[in-house]
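1. Structure of the sequence below:
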Amino acid sequence: MAATTWGDPFRRLPGALVCLLGLMVWGDAAARAQQAANATDTTTLKSYTLEELTQLQITSVTKEPTTAFRTPAAIRVLTSDQIRESGARTIPDLLRLIPGVNVAQISSNSWAIGIRGFESGLSKSVLVLIDGRSVYTPLFRGVYWDMQDVLIEDIDRIEVIDGPGGTIWGSNAVNGVINIITKNSRDTHGTMVSAQTGNVDQGALNWRYGGGDDAFSYRVYGKGFTQGPEDHPDGRNFDDWRRGQIGFRTDSRPSDRDELTVQGDMYGGVAGEALQISTYSPPAITNAYGNSLFNGENILAAWRRRLKSGDVQVVGYWDRTNRSELNYQEIRNTFDIDFIHHLALGRNDVTWGAGARISPDHFLQVVPTVLFSPVHDYYNIYSGFIQDEIAIVPDRLSFTLGSKFEHTSYSGYDYQPSARIAWTPSTKQTFWAAVTRAVRTASRIEEGFDFSALQIPSLPLYIRLVGDNDFSPEQLIGYEAGYRTNVAPRLVASLSLFHNRYDDLLSVEVENPFVETTPAPAHLVLPLYLRNGIAANSNGGELVMVWDPTPKLRLRGSYSAVFIDARRRPGSDDSSTVRQLEGDSPVHEGVVTATIRLTSKADLNLAYRAVSALPDLKVPAYSTGDARLGYRLGEMWTLEVVGQNLLQPSHVEYSGLPGGGLGIRRSVFGGVMWGR
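-> Next comes the predicted model:
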């Protein structure tokens, strides 16, 4: 197991708590002063009450609405109020606020994100959804975060499952599920225009218009931004980022029992990047700086009919992406359809369904040292699932049993069962436990991929990474337990613990070198094959607390820890993966936030986070803070000033780029929003 220390940021965490306790006292005094000045002012935080927070309806665990407080899973919900209060303008920045989610910014347009460890630039063990549409790419087994965006003001909530979610969502939901859910168009009538500008967030313009009635409502929107580079020690400011997106959503009720949603998006962008590119003739390796170009479209339709004892849903979507990097280009179309039937039978609450996904892609070779074969390929998934929640004692004790059954074109048949139990002895506390099996299926990179990198120009010697269709699915058996409680009328706490056992994790195995004469000149190749030579255990947990000490102040605090112990399986000669698994994700992470109602028109939001070191990447522990001051000017105008990463001029959160890690800069921007 990798050694770790808490580091300086966590020595500052108690100080941050003391400061926030001071704010609590100040907030109480301010509230009393305000009440004395105006005895009729009963305004409180424009946010969910703690009781409402515990009763939030979530869908990501079962695909059916259920109460978060009683759910037998480590479910986290980021509400629209929290999103507004944070001042964040990107999805990764919002995910920083969710316990158990590790977010490290690599450059202006790229992030390494993981849940319960396994942090990586493509988030290979996390399934990410936007309104139920999967944005997980089977090319490089992960998520292109610079391509994912929504209008921040339209997000209703972000639901995150810390832990495996394969029983409902299928393969690749290994360590967690992130489901971004936008608002019903009935809730976004009228006009909204907002703009921001600052030193890093250099310019952004967003607009939305919505209308209609209860039977049929709609909205259309557009957004665009340009973002400057982060701090480059070598002065190569390559990572600027520009992006634009338009979209629509309609929600209708064709009958008293039916609901229909149709929505779509179109986007395009430019993201600066740096890569090392090897060539054969002449044998050379160069640091290449340029732009990644991407665009895409998607359209989704969801129909739901209420039945006497349940409901039926059908969801289908088409998604097209076109991404051109400095060393490859891929065009992919995805067609997906899911059928879900929810049936209440006495004490049994049954959900079952079936689905199919067809995802053809076309690879275009840009450099001779990166090749996918065949250049045209199809990734198909056919699946079915069933889950039964049994009310052993109604409203007190329930047992949930289910499984997902899948066939994928890369990995064949697999199953992902789970068993969960929830005990609610009173309305103020819930105990839960679960055991789940989840898998990550093979992707294009493990099926037909050659990547060559020059190591010794004088020979010349190339190292070649090879995916040759001899890779089995990665497997997880996850054990979890948790407890939620209303400690006091103004205090809610949640504790989750887990033990994960991984097997058949990806390894890089060395084979005998050989001489290759084509392409010329003749060169030596050391092949590294993608195999299943690593096993690992991880242990940890998350503690979350929400406290309303006064009507004018809300405090949130969370702490998460994950300890990974990886090892090579017999016969493996992998020399780096164990070190990477144990040292590329933080062991400790803590976040404290405060939302303060200064006056009836002004809010102050503060956040402090501390993250332990990444020893494999030689990234030290760090701490930093964000702040947002918002002011409502009349009925239609809102002004805000947001500062991010305020505690130092810049700090490194991740590495892996040519020349080492970039410093993530202190940034300040101002924003204005008009709506009616």
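
2. Low-confidence bits of this structure, can you list those?
-> In the predicted model of the chain, residues 1-54, 60 satisfy pLDDT under 70.

3. what's the helix or strand for Leu671?
-> Careful, residue 671 is Gly; it's not Leu. Using DSSP states H and E, Gly671 sits in strand 667-675.

4. other SSEs contacting that strand?
-> Strand 667-675 sits against strand 190-198, strand 637-644, with contacts defined as 3 or more Cβ pairs under 8 Å, 6 or more residues apart in numbering; DSSP states H and E. Using the backbone N, CA and C atoms, a C-beta is placed for each residue, glycine as well.

5. Work out which residue lies at the spatial centre of the chain.
-> Centroid check for the chain by Cα atoms, centre = their mean gives Ile178 as the closest residue, at 5.0 Å.

6. Contacts only, for that one.
-> Leu95, Val101, Ile115, Val126, Leu127, Val128, Leu129, Ile158, Glu159, Val160 (Cβ atoms under 8 Å, 6 or more residues apart in numbering).

7. so it bridges to which residues?
-> As for beta bridges, Ile178 partners with Val128, Val160 under DSSP bridges.

8. from here on, count from 91
-> In the new numbering, first residue 91, that becomes Ile268.

9. From Phe328, how far out is it?
-> Using Cβ to Cβ, to the nearest Å, Ile268 is found at 28 Å from Phe328.

10. before we move on, the earlier item: can you put the contacts of Ile268 in TSV and add neighbour count?
-> As requested, those are exported to TSV (neighbours: other Cβ atoms under 10 Å):
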residue	neighbour count
Leu185	25
Val191	28
Ile205	31
Val216	29
Leu217	27
Val218	24
Leu219	18
Ile248	23
Glu249	22
Val250	26
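
11. Which member of those residues is positioned nearest Ser342?
-> Leu219 (22.7 Å; Cβ to Cβ).

12. out of everything not next to it in sequence, what's closest to the closest one?
-> Asn269 (4.6 Å; Cβ to Cβ, 6 or more residues apart in numbering).

13. Also Ser342?
-> Phe306 (4.4 Å).

14. unless I'm mixing things up, the one you found is touching Thr340, no?
-> Yes. Using Cβ atoms under 8 Å, Phe306 is in contact with Thr340, at 7.0 Å.

15. As a check, name the ranges of all helices in the protein.
-> Listed in chain order, the helices of the chain (DSSP state H) span 97-127, 140-144, 170-176, 181-185, 256-259, 534-537, 667-673.

16. longest strand anywhere in this protein?
-> Taking DSSP state E as the criterion, the chain has its longest strand at strand 613-640.

17. Identify each buried residue in that strand, please.
-> 613, 615-626, 628-640 (16 or more other Cβ atoms under 10 Å).

18. Among the helices and strands packed on strand 757-765, which comes closest to Asp346?
-> Closest to Asp346 of the helices and strands packed on strand 757-765, according to Cβ to Cβ: strand 280-288, at 26.8 Å.

19. State the paired neighbours of that closest one in the sheet, together with their directions.
-> strand 291-302 (antiparallel), strand 757-765 (antiparallel).

20. quick check: angle from it to strand 727-734?
-> Comparing the axes of strand 280-288 and strand 727-734 via axes from the mean of the first three to the mean of the last three Cα atoms, to 10 degrees yields an angle of 40 degrees.

21. Report the buried residues of strand 280-288.
-> The neighbour-count check on strand 280-288 (16+ other Cβ under 10 Å) flags Met282, Ser284, Gln286, Gly288 as buried.

22. so what's the last one closest to, chain neighbours aside?
-> To tie it back to what came earlier, the one meant is Gly288. Phe759 (2.5 Å).

23. which residues does that neighbour contact?
-> Gln286, Thr287, Gly288, Asn289, Val290, Asp291, Val731, Val732.

24. do you know how far it is from Arg179?
-> Applying Cβ to Cβ to Phe759 and Arg179 gives a distance of 8 Å.

25. Now do the shared contacts for those two.
-> Gln286, Asp291.

26. Could you measure from Pro639 over to Ala684?
-> When distance is defined by Cβ to Cβ, Pro639 is 10 Å away from Ala684.

27. what sits in contact with each of these two?
-> With Cβ under 8 Å, 6+ apart, Pro639 and Ala684 have common neighbours Leu645.

28. Look up the residues forming beta bridges with Met356.
-> Applying DSSP bridges, one finds that Met356 bridges with Ile336, Glu387.

29. again with the one 10 residues further on
-> Taking DSSP bridges as the rule, Gln366 bridges to Asn377.

30. Just list the residues touching it, thanks.
-> Gln366 sits in contact with Ile375, Thr376, Asn377, Ala378, Ala543, Pro748, where contact means Cβ under 8 Å, 6+ apart.

31. I'd like the distance between the closest residue to Leu555 other than its chain neighbours and Glu599.
-> Once flanking residues are discounted, Leu555 sits nearest to Phe541: 4.3 Å by Cβ to Cβ, 6+ apart. Using Cβ to Cβ, Phe541 is found at 15 Å from Glu599.

32. next one: Arg332
-> 41 Å.

33. Same check on Gly680?
-> Per Cβ to Cβ, Gly680 is found 38 Å from Glu599.

34. neighbour-wise, which of those two wins?
-> Using other Cβ atoms under 10 Å as the criterion, Gly680 and Glu599 rank with Gly680 on top: 24 against 18.

35. pretty sure the more buried one contacts Arg699?
-> Yes. The criterion here is Cβ under 8 Å, and Gly680 meets it with Arg699 at 6.8 Å.

36. Might you report the residue contacts of Val352?
-> Arg339, Thr340, Ile389, Leu390, Ala391, Ala392.

37. Roughly how far does the second one sit from Arg276?
-> If I follow you right, that is Thr340. Counting by Cβ to Cβ - Thr340 and Arg276 are separated by 10 Å.

38. how far does stretch 551-566 stretch from start to finish?
-> End-to-end distance of stretch 551-566 (Cα to Cα, to the nearest Å): 37 Å.

39. Just the buried residues of that stretch, please?
-> So, applying 16+ other Cβ under 10 Å, buried residues of stretch 551-566: 551-557, 561-566.

40. And for stretch 468-476?
-> Counting neighbours by 16+ other Cβ under 10 Å, stretch 468-476 gives Tyr469, Ile471, Ser473, Gly474, Phe475, Ile476 as buried.

41. out of the residues you listed, which are inside strands?
-> Per DSSP E, those map to strands at Tyr469, Ile471, Ser473, Gly474, Phe475, Ile476.

42. are any of the contacts of Gln366 buried, and which?
-> So, by 16+ other Cβ under 10 Å, the buried ones in the contacts of Gln366 are Ile375, Ala378, Ala543.

43. Can you pick out the most distant pair from the buried residues of stretch 551-566?
-> Leu551 and Leu566 (36.7 Å).

44. measure Ala361 to Gly334 for me?
-> 13 Å.

45. Compare these two (neighbour count), which wins?
-> The residue with more neighbours, out of Ala361 and Gly334, is Ala361; 25 against 17, by other Cβ under 10 Å.

46. what sits in contact with each of Thr340 and Arg276?
-> Gly302, Ser307.

47. tell me, how many neighbours does the closest residue to Trp201 other than its chain neighbours end up with?
-> Among residues not flanking Trp201 along the chain, Pro182 sits closest, at 4.3 Å (Cβ to Cβ, 6+ apart). Number of residues near Pro182 (other Cβ under 10 Å) recorded here: 19.

48. contacting residues around Pro182?
-> Contact analysis of Pro182 by Cβ under 8 Å, 6+ apart lists Val193, Gln195, Trp201, Ile203, Trp235.

49. Out of these, which is nearest to Ala263?
-> Ile203 (14.4 Å).

50. Check the gap between the closest one and Glu209 for me.
-> For Ile203 relative to Glu209 (Cβ to Cβ), the value is 7 Å.
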